[in-house]
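# kindly return the folded structure for what I paste below:
(chains A, B, C and D)
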Number of protein chains: 2
Amino acid sequence: MLDVRKLRLLRELAHRGTIAAVAEALAYTPSAVSQQLAALEREAGVPLLERTGRRVALTPAALTLVEHTEKILAVLEQATADLAASRAELTGTLRIGAFPTAVRTILSPALVALSRDHPGLELMVTELDPATVPAALRAETLDVALVQDYDYVPAEPDPALDSEPLLEETVYLAALSGGPLETRRDAPWIVGTPGTLCHTMTVRACQAAGFTPRVRHHADDFGTVLALVAAGQGVALVPELGLLTHPANVVLTALPTRRRTRLAYRRGTKEHPAVIAARSALNAAATGRKP
Amino acid sequence: MLDVRKLRLLRELAHRGTIAAVAEALAYTPSAVSQQLAALEREAGVPLLERTGRRVALTPAALTLVEHTEKILAVLEQATADLAASRAELTGTLRIGAFPTAVRTILSPALVALSRDHPGLELMVTELDPATVPAALRAETLDVALVQDYDYVPAEPDPALDSEPLLEETVYLAALSGGPLETRRDAPWIVGTPGTLCHTMTVRACQAAGFTPRVRHHADDFGTVLALVAAGQGVALVPELGLLTHPANVVLTALPTRRRTRLAYRRGTKEHPAVIAARSALNAAATGRKP
DNA sequence: GTTAACCGTAACCTGAGCTTATGCTCGATG
DNA sequence: CATCGAGCATAAGCTCAGGTTACGGTTAAC
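Numbering: from 1, shown residues only, chains lettered A, B, ... in the order given. Modelled structure (predicted):
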């Protein structure tokens, strides 16, 4: 009987590439992970890892093992979901991850509704960049998370994760005057810090319009971005949710680009009562904002 | 993360009914099983067991947990099968269960072929009554087994097991004179010991013909049965494979009843290379006997 | 050449999970 | 109705799986 705990380490290794990263993610020492994987290899009777330089690579046999592991972990999630559903009241803790804008706009009202309807449910919110969400969900640091699915930035399919559309917003060009994206070829730009989804989204949208933005400022908070625009420091792309307060002199031009926000969770937790509750609260908060 | 080892205990409990039986089957003490199940219940946060008299019953939540466990164990079997397939040579041990007649007729030649073609494969044969096969397969005492599927004795579907047809034979009425089953209403009968499949089969076949057999002798070995028939002690039903040597004065009348033999294994092991090898060897032995 | 990142082994230590021992409850039996 | 056996649960103790820390070897980058 193969040990599922060890298989989980192998799966994490397939995603993260190094034993050190697996250990870091799952709160072990690298030595422990190494020993467990060595034991798994011994039990399997087939080579699973081979050193390539200072990393390890998975053999084909190990990769098929990982695929099976994904299935098993999904069933286990489903089983715990069913257990939670069979309980009368919703208890335990739900760890929610979200990007900063979402926290202040749709997540806050959803949290109010959630804690009102389910007093037994402990809510933990973590603010993080969507790029780090998949790893956090897999490592069970988070249970559900809001992620973005900008045009031009499709999320790679992850067999361990599942998601569903939650919200779709218009993206605006924020400037001191109106006019389409193409006319901003030579304007100074205000974008997010490199590596974030906002940054990528802006750069790709400009490239699709035929130019590379001349980056002048970096700012992730849309309030700051709009203040910079109002101060004549440049132009920027801002999604609908970033416009809670916008300075009077900033002109917004709707672009065809749309920002889609999705609710992500581990495969198998779709029917977990806490996820169901989060889904309905978030949907209510998202549509409640519309008018 | 639910512990699959503990879930396996729960599944076994669902099948066997008492903690003591589970412990017996899996080579633990009852105390260990009790503690593990108590721990599982604690982790689940939901009552799983409730004492009814001096036994324990599973709650609905526990039953759905068992269903999930079946899926997980099947995937685990599949994973080990894939591992074995990725190995060049076939190694390890294959534990085969079979009823006595089968051992002497089709299993022996199959064993010869198997050990010739796969010298690295260790073969272990256990002679047992088909009625005990499902439990032995689930408890991983056996890997594959030959079971019978007489008319009137359909095997109940077990979610943990899988099987496929292997052989179909005619059942004969053995007597000192020819004639259909209905004419033996008042004859003394020779049947297997109560509880075995052979016994059930004979009784039901007679009942389908409109009478209950008057049992005179009990014998499980078909050689013995035929000797008793030859000695004028009564009549009996004997399947084709039981007729390796039959006394000259015994007359055989083919009946419409047919005996079907199936190859059974745990769900998920269908593509295990050792099972594949066993399948082909047994099929060859079964068809090789036909002419 | 030096350094940093990473993997693996050795040695040690802790607790999960086994065993044995024992008590309790329920149902069958005379 | 008293007795007895079957079965479950708890207590106490022991063992080993599986963790940690320490250290050495190898690889890639600068």
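# does the helix or strand harbouring A:Leu137 reach DNA strand C?
Element membership of A:Leu137 [criterion: DSSP states H and E] is helix A:133-138. No: on the criterion C-beta under 7 Å from any atom of the strand, helix A:133-138 is out of touch with DNA strand C, staying 14.7 Å away. All C-beta spots, glycine's among them, are computed from the backbone N, C-alpha and C.
# which residues of the stretch 1-150 of chain A lie near DNA strand C?
Near DNA strand C, when you scan the stretch 1-150 of chain A using C-beta under 7 Å from any atom of the strand, you find A:18-21, A:30-31, A:34-35, A:37-38, A:49, A:51, A:54-56.
# do that again at 10 Å, thanks
A:5, A:13, A:16-24, A:29-38, A:41, A:48-57 (C-beta under 10 Å from any atom of the strand).
# among these, name the buried ones.
Neighbour counting with 16 or more other C-beta atoms under 10 Å in any protein chain shown marks A:13, A:16, A:19, A:21-23, A:33-34, A:36-37, A:41, A:48-49, A:56 as buried within those.
# what element comes up after whichever helix in chain A runs longest heading to the C-terminus?
In chain A, with assignment by DSSP state H, the single longest helix is helix A:60-86. Using DSSP H and E, the helix or strand that follows helix A:60-86 in sequence is strand A:92-98.
# mind listing the strands that following strand pairs with, and their directions?
Strand A:92-98 pairs in its sheet with strand A:121-127 (parallel), strand A:144-148 (parallel), by DSSP bridges.
# what's the average pLDDT for the last one?
Right, the one you point to is strand A:144-148. The average of the pLDDT scores along strand A:144-148 is 91.
# what's the next secondary structure element after it?
From strand A:144-148, the next helix or strand downstream (DSSP H and E) is strand A:161-175.
# next, the buried residues of that next one.
A:161-163, A:166-167, A:169, A:171-175.
# tell me the angle of the host helix or strand of A:Thr257 relative to helix A:60-86?
Using DSSP H and E, the element containing A:Thr257 is strand A:251-266. Strand A:251-266 runs at 90 degrees relative to helix A:60-86, counting by axes from the mean of the first three to the mean of the last three C-alpha atoms, to 10 degrees.
# still on that earlier bit, restricting to the residues of the stretch 1-150 of chain A next to DNA strand C, which residues neighbour chain B?
A:Arg5 (C-beta under 8 Å from any C-beta of the partner chain).
# for the closest residue to A:Ala14 other than its chain neighbours, give its distance to A:Ala25.
Once flanking residues are discounted, A:Ala14 sits nearest to A:Val66: 4.6 Å by C-beta to C-beta, 6 or more residues apart in numbering or on different chains. Using C-beta to C-beta, to the nearest Å, one obtains 15 Å as the distance from A:Val66 to A:Ala25.
# what about these two, which has more around it?
Ranked by neighbour count (other C-beta atoms under 10 Å in any protein chain shown), A:Val66 and A:Ala25 place A:Val66 first, with 22 against 19.
# close enough to count as contact, the more buried one and A:Leu9?
No: assessed by C-beta atoms under 8 Å, A:Val66 is found out of contact with A:Leu9, at 10.5 Å.
# if I pick the residue located most distally from the centre of chain A, what's in contact with it?
When distances are taken from the C-alpha mean of chain A, A:Gly45 lies farthest, 37.3 Å away, according to C-alpha atoms, centre = their mean. A:Gly45 makes contact with B:83-84, B:87, B:91-92, according to C-beta atoms under 8 Å, 6 or more residues apart in numbering or on different chains.
# closest one to DNA strand C out of these, please.
B:Leu83 (18.5 Å; C-beta to the nearest atom of the strand).
# surely the closest one and A:Leu65 touch.
Yes: between B:Leu83 and A:Leu65 there is a contact under C-beta under 8 Å: 7.0 Å.
# of the two, which one has the most company?
A:Leu65 (25 against 22).
# name the nearest residue to that one, ignoring sequence neighbours.
A:Leu65's closest residue in space is B:Ala79 (C-beta to C-beta, 6+ apart), at 5.8 Å.
# cool, and A:Glu182?
Closest to A:Glu182 by C-beta to C-beta, 6+ apart is A:Ala209, at 5.2 Å.
# what about that neighbour, how many residues close to it?
For A:Ala209, the count of nearby residues is 16 (other C-beta under 10 Å).
# and the gap between it and A:Arg184?
For A:Ala209 relative to A:Arg184 (C-beta to C-beta), the value is 8 Å.
# same deal with A:Arg5?
Taking C-beta to C-beta, one finds A:Arg5 at 54 Å from A:Arg184.
# what's the answer for A:Pro134, then?
A:Pro134 is 33 Å from A:Arg184, where distance means C-beta to C-beta.
# these two touch, right, A:Ile72 and A:Val4?
Yes: between A:Ile72 and A:Val4 a contact is recorded at 6.0 Å, counting by C-beta under 8 Å.
# shared neighbours of the two, anything?
Common neighbours of A:Ile72 and A:Val4 are listed as B:4, B:72, B:76 (criterion: C-beta under 8 Å, 6+ apart).
# from these, which is closest to DNA strand D?
B:Val4 (11.8 Å).
# so what's the residue count around the closest one?
Here the number of neighbours of B:Val4 (other C-beta under 10 Å) works out to 21.
# shouldn't A:Val238 be in contact with A:Ala174?
Yes: when contacts are counted by C-beta under 8 Å, A:Val238 is listed as touching A:Ala174 (4.8 Å).
# just the CA atoms of the strand or helix carrying A:Ala274, as PDB, please.
Using DSSP H and E, A:Ala274 sits within helix A:273-289. Provided in PDB are the C-alpha atoms of helix A:273-289 (Å, rounded to 0.1, in the frame of the first residue of the first chain):
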ATOM      1  CA  PRO A 273     -20.200  23.900   2.700                       C
ATOM      2  CA  ALA A 274     -17.700  26.600   3.600                       C
ATOM      3  CA  VAL A 275     -16.800  27.000  -0.100                       C
ATOM      4  CA  ILE A 276     -20.500  27.100  -1.000                       C
ATOM      5  CA  ALA A 277     -21.100  29.800   1.600                       C
ATOM      6  CA  ALA A 278     -18.100  31.800   0.400                       C
ATOM      7  CA  ARG A 279     -19.300  31.500  -3.200                       C
ATOM      8  CA  SER A 280     -22.700  32.800  -2.500                       C
ATOM      9  CA  ALA A 281     -21.500  35.600  -0.300                       C
ATOM     10  CA  LEU A 282     -19.000  36.700  -2.900                       C
ATOM     11  CA  ASN A 283     -21.500  36.500  -5.700                       C
ATOM     12  CA  ALA A 284     -23.900  38.600  -3.800                       C
ATOM     13  CA  ALA A 285     -21.200  41.200  -3.000                       C
ATOM     14  CA  ALA A 286     -20.100  41.200  -6.600                       C
ATOM     15  CA  THR A 287     -23.500  41.800  -8.100                       C
ATOM     16  CA  GLY A 288     -24.500  44.100  -5.300                       C
ATOM     17  CA  ARG A 289     -21.800  46.500  -6.500                       C
END
